[in-house]
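Q: fold the following.
(one chain, ligands or ions: 1)
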Amino acid sequence: MTKREEQVVRNELFFRGVNERLQRLERSFEKHETAFVCECGNRRCTRLVPLSLDEYRHVRANSQHFAILPGHEDVTVESVVQRGARFLVVAKTGAAAVAAEADNLRLSPH
Ligand SMILES: [Zn+2]
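A: Numbers count the residues shown, from 1 in each chain. Next comes the predicted model:
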């Protein structure tokens, strides 16, 4: 993995951690529509992605998948698996996929 790829992945995993905590918070408020932080590889991106809790859970069901805003995809480390008007779902490829899997084990309570 190159330095740049490493930085992109680290950034994505950081925001996934933030979103995991947001999800737990939202659940306690019983909200149905919510927004999550964009999980793209741009370190300076702090945009919100409009996602329902169900949509977010669906994305998170696969450890390689991340929810990002349209146009924020980086085809050098990920491929678009779902394209919608509000958000894209991207899948990590190569070394980035391995890092995402390892981080998912860390976040998961089991
Ligand atoms: Zn972004």
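Q: pull the residues that contact stretch 1-11.
A: Residues outside stretch 1-11 that contact it (CB atoms under 8 Å, 6 or more residues apart in numbering) are 40-43, 74, 76-77, 92, 94-96, 99-100. For glycine as for every other residue, the C-beta is placed from the backbone atoms N, C-alpha and C.
Q: show me what contacts the spatially most central residue of the chain?
A: A centroid search over the chain (CA atoms, centre = their mean) returns F66, at 3.1 Å, as the residue closest to the centre. Contacts for F66 were tallied using CB under 8 Å, 6+ apart; they are 12, 16, 39-40, 59, 78, 89-92, 100.
Q: let's see stretch 61-80 as PDB, backbone CA atoms only.
A: Extracted in PDB, the C-alpha atoms of stretch 61-80 (Å, rounded to 0.1, in the frame of the first residue of the first chain):
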ATOM      1  CA  ALA A  61     -23.500  -5.100   6.700                       C
ATOM      2  CA  ASN A  62     -20.500  -5.500   4.400                       C
ATOM      3  CA  SER A  63     -17.100  -4.500   6.000                       C
ATOM      4  CA  GLN A  64     -15.700  -3.400   2.700                       C
ATOM      5  CA  HIS A  65     -18.500  -1.000   1.900                       C
ATOM      6  CA  PHE A  66     -18.500   2.700   2.700                       C
ATOM      7  CA  ALA A  67     -21.200   5.400   2.100                       C
ATOM      8  CA  ILE A  68     -19.900   8.600   0.400                       C
ATOM      9  CA  LEU A  69     -21.300  11.600  -1.400                       C
ATOM     10  CA  PRO A  70     -21.500  11.300  -5.300                       C
ATOM     11  CA  GLY A  71     -18.300  12.500  -6.800                       C
ATOM     12  CA  HIS A  72     -16.200  11.700  -3.700                       C
ATOM     13  CA  GLU A  73     -15.200   8.300  -4.900                       C
ATOM     14  CA  ASP A  74     -11.500   7.500  -5.400                       C
ATOM     15  CA  VAL A  75     -11.200   4.800  -8.100                       C
ATOM     16  CA  THR A  76      -7.500   4.000  -7.200                       C
ATOM     17  CA  VAL A  77      -8.600   2.300  -3.900                       C
ATOM     18  CA  GLU A  78     -12.300   1.600  -4.300                       C
ATOM     19  CA  SER A  79     -15.000   0.700  -6.800                       C
ATOM     20  CA  VAL A  80     -18.600   2.000  -6.800                       C
END
